[in-house]
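J.: model the following, please.
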Amino acid sequence: MDEYERDLLYAKQVEQLYGLAPVGIIASLVNGSILTFIQWNVIAHGILLTWFSCLIVLNGAWSLLWYQFRHGSRNPQDSHRWGRRFLGGTFASGLLWGTTGAFLFPENSITHQIFLAFVLGGMIAGATAVYAALEGAFLAYTLPTITPLLVQFFILDDEHHMAMGAMSLLFVTMMFVTLRRNHTVTLASMTLSLALGRSNQSLQSEVLERKQAEVALRESQEQLHSVVQSTDEGIISLNSQGKVMLWNAGAESLFGFSMKEMYGQTLERIIPERFRLAHHHGIARASRAGGKTVEGEMFELKGLRRDGSEFPLELSLGYWHKHGEAFFTGIVRDITARKEAEQALHRRERELEHSQEELRALGAQLISAQEDERRRLSRELHDDMNQRLAVVALEIQSIQNTLPESNAMQKTLQHLNDQVSSLSDSVRHLAYQLHPSILDDLGLVVALQSSIREFSQWENISVTFRPRDVPHALPQDIASCVYRVTQECLRNVAKHADATRVLVEVMGLEAGLQLVITDNGKGFIPEAVRPGSQGLGLIGMKERIRVVQGTFKVKASKGKGTTITAWIPLSSET
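T.: As a prediction, this is how the structure comes out:
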């Protein structure tokens, strides 16, 4: 028994004590009145009236205490406080009745002594019933009540009083034994009452929970039925023999058959004939396996409408058991629109792939045409324009040689000669930018060295060039691609990076050629760069590398510089 149950039991004991308190009050007043009347002629009237007055006052206090208990807090936590008050009042009553053995004891009348013993014995006998709930209350009342009378009997020390004392002591002992028995029975009854109360409360709680569960179940069933019937998707339940047990409005709309037509029937009506045998085998296999082979599975099947038309459907299956039999529930969706959308998407994807391939091919052709045009323009500028400018310069020098040095035209002709020379240098530089002939004549490494040296001088940026194991005889498209990507990277460094150092590495690897360009500039976020915002741009460089079947990577972040890596495969003959 835990502490809470002990508090409940003690509260019941205290409640019974206070419940029988009016009986004790009435018995005390009645017996006190009779004792006062009988002893009137053998005890001084003042003593009798004083004792009786005290008895009335004490029982009045008892009545007040009983009233407070009846109208006060009855919580189990307060029972110990009320119990202490009851024990105090009981001890006070015992003391008052014990004074009769000292002050109301008629020494000269043995008849009145016997009557006094009879009254006190009756009060003690009544206490065995009134205080049966609490042994302490009986002892608090009995011991102070009987002790003075026993002392009087044994003090007189004659055989009659000794016998009366012994009989009184035996009587009190018997009353205590009776009290113990009554107390045991009372506690057992109270414990049983508490147990019954708990059982009854538990039973009521269980009944209430069951009623609530039944109400919730009905509500859930109603909600489920409403959802099943209101959804556009078909919901079909089959037993282990493959016969329809549930056919909702969605299934009626999908297939054109009503619940009345389909209940207890197989699904042959809604399955194309070529799939019916497989359906029967599937139902049998799932029934043998307990449904676990299909639980949570999603199938794409063909359905058959009432008018004979077929349509694609998606079926998700689950299973459940009832009375040892497996039942299957399927949710059916018409996926005609989805299939059409998927087919249209596949067509668009194929068209897009074809368009992208055409764009890539066009891009490659444009790049190739651009390089050819650059090469042609470079050659014309170098071979034609420069030669003409050289002729002009020679003619100017010839005119200068025919005129005296003091002639005023000498200065003008010299200025023209300088202008022609400067124009010739610009044309040569422009031709080199369009397409360096050195790339075709001396190879990629020499062309890059010349271009990087010129870039470093013009832009005042330190550039380190590290070629390693680069094949001399590279295909023209690959050499041109690496040269142009390097040229564009350096141009972007000059325009955007605010870098002071650049490292250009070209390495001939076993399977290809790798270009790595690293700067210490301010960096950038590649995703934020708009196509075309950096001249040829990252997209253009990627496209050049892609045309020669290579890969292109950019590693950059704000404040940490930029590294561009390109790899181009080479054939074994290169």
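J.: the nearest residue to residue 29 once chain neighbours are set aside and residue 191: what is the separation?
T.: Of all residues not flanking residue 29 in the chain, residue 59 sits nearest, at 5.7 Å (C-beta to C-beta, 6 or more residues apart in numbering). Where you see a C-beta, it was placed from the backbone N, CA and C, and this is true even at glycine. Residue 59 sits 32 Å away from residue 191, going by C-beta to C-beta, to the nearest Å.
J.: one more: residue 325?
T.: 49 Å.
J.: those two: who's more crowded?
T.: A direct count of neighbours by other C-beta atoms under 10 Å for residue 325 and residue 191 places residue 191 higher, at 15 against 11.
J.: avg pLDDT for the helix or strand encompassing that one?
T.: Element membership of residue 191 [criterion: DSSP states H and E] is helix 159-230. In this model, helix 159-230 has a mean pLDDT of 83.
J.: what does stretch 65-78 give?
T.: 83.
J.: then stretch 415-424?
T.: 81.
J.: now the nearest residue to residue 551 once chain neighbours are set aside, which residues is it bridged with?
T.: Excluding the flanking residues, the one nearest residue 551 by C-beta to C-beta, 6+ apart is residue 567, at 5.0 Å. On the basis of DSSP bridges, residue 567 is bridged to residue 514, residue 551.
J.: residue 567 touches residue 546, doesn't it?
T.: No - checked against C-beta atoms under 8 Å, the pair residue 567 and residue 546 is beyond contact range at 11.7 Å.
J.: do you know how far the residue lying farthest from the centre of the chain is from residue 410?
T.: The centre of the chain is farthest from one residue, residue 404, which by C-alpha atoms, centre = their mean lies 101.4 Å away. Relative to residue 410, residue 404 is positioned 8 Å away (C-beta to C-beta).
J.: go on, residue 29?
T.: According to C-beta to C-beta, residue 29 and residue 410 sit 161 Å apart.
J.: coming back round to it: any idea how many residues pack against the residue nearest to residue 551?
T.: 18.
J.: assign residue 491 to helix, strand or coil.
T.: Recorded secondary structure, residue 491: helix (DSSP: H, G, I helix; E, B strand; the rest coil).
J.: that one: how many residues sit nearby?
T.: Around residue 491 there are 15 other residues, counting by other C-beta under 10 Å.
J.: over to residue 464?
T.: Neighbourhood size, residue 464 [other C-beta under 10 Å]: 12.
J.: need the contact list for it.
T.: For residue 464, the contact set (C-beta atoms under 8 Å, 6 or more residues apart in numbering) comprises 501-504.
J.: helices of the stretch 201-350 of the chain, start to end?
T.: Assigned by DSSP state H, counting those that start in this stretch, the helices in the stretch 201-350 of the chain fall at 249-255, 259-262, 273-288, 336-380.
J.: got a list of what residue 57 touches?
T.: Contacts of residue 57 (C-beta under 8 Å, 6+ apart): none.
J.: for residue 330, grab the count of nearby residues.
T.: Per other C-beta under 10 Å, the neighbour tally for residue 330 reads 21.
J.: and the gap between it and residue 78?
T.: Distance of residue 330 to residue 78, computed by C-beta to C-beta: 65 Å.
J.: ok, residue 31 next?
T.: To residue 78, residue 31 is 32 Å away according to C-beta to C-beta.
J.: how about residue 389?
T.: Residue 389 is 122 Å from residue 78, by C-beta to C-beta.
J.: which one of those two has more residues nearby?
T.: Shown here are residue 389 and residue 78; by other C-beta under 10 Å, residue 389 has more neighbours (18 against 15).
J.: was I right about the more buried one contacting residue 423?
T.: Yes - between residue 389 and residue 423 there is a contact under C-beta under 8 Å: 6.1 Å.
J.: which stretches in the stretch 401-550 of the chain count as strands?
T.: Per DSSP state E, counting those that start in this stretch, the stretch 401-550 of the chain carries strands over the ranges 462-468, 501-508, 512-519.
J.: equivalent analysis for the stretch 1-150 of the chain, please.
T.: Here the stretch 1-150 of the chain has no strands by DSSP E, counting those that start in this stretch.
J.: low-confidence stretches in it?
T.: Along the stretch 1-150 of the chain, segments meeting pLDDT under 70 span 1-2, 74.
J.: what about 80?
T.: Within the stretch 1-150 of the chain, the stretches with pLDDT under 80 are 1-5, 7, 72-77.
J.: nearest residue to residue 321 other than its sequence neighbours?
T.: Take residue 321 and drop its neighbours on the chain: the residue closest to it by C-beta to C-beta, 6+ apart is residue 327, 7.2 Å away.
J.: for that neighbour, give me the pLDDT.
T.: On pLDDT, residue 327 comes in at 80.
J.: please apply the same query to residue 289.
T.: With respect to pLDDT, residue 289 has a value of 62.
J.: likewise the one 10 residues further on?
T.: Among the per-residue scores, residue 299 holds a pLDDT of 77.
J.: what number of residues lie near the nearest residue to it once chain neighbours are set aside?
T.: Take residue 299 and drop its neighbours on the chain: the residue closest to it by C-beta to C-beta, 6+ apart is residue 315, 4.6 Å away. Around residue 315 there are 17 other residues, counting by other C-beta under 10 Å.
J.: for residue 315, list the residues it contacts.
T.: 298-301, 330-333.
J.: any idea which of the residues you listed is the one closest to residue 442?
T.: residue 300 (64.7 Å; C-beta to C-beta).
J.: quick check: residue 487 touching residue 452?
T.: No - using C-beta under 8 Å, residue 487 is not in contact with residue 452, being 9.4 Å away.
J.: any stretches of the stretch 251-400 of the chain with poor pLDDT?
T.: The stretch 251-400 of the chain contains residues with pLDDT under 80 at 279-299, 317-326, 354-393, 397, 400.
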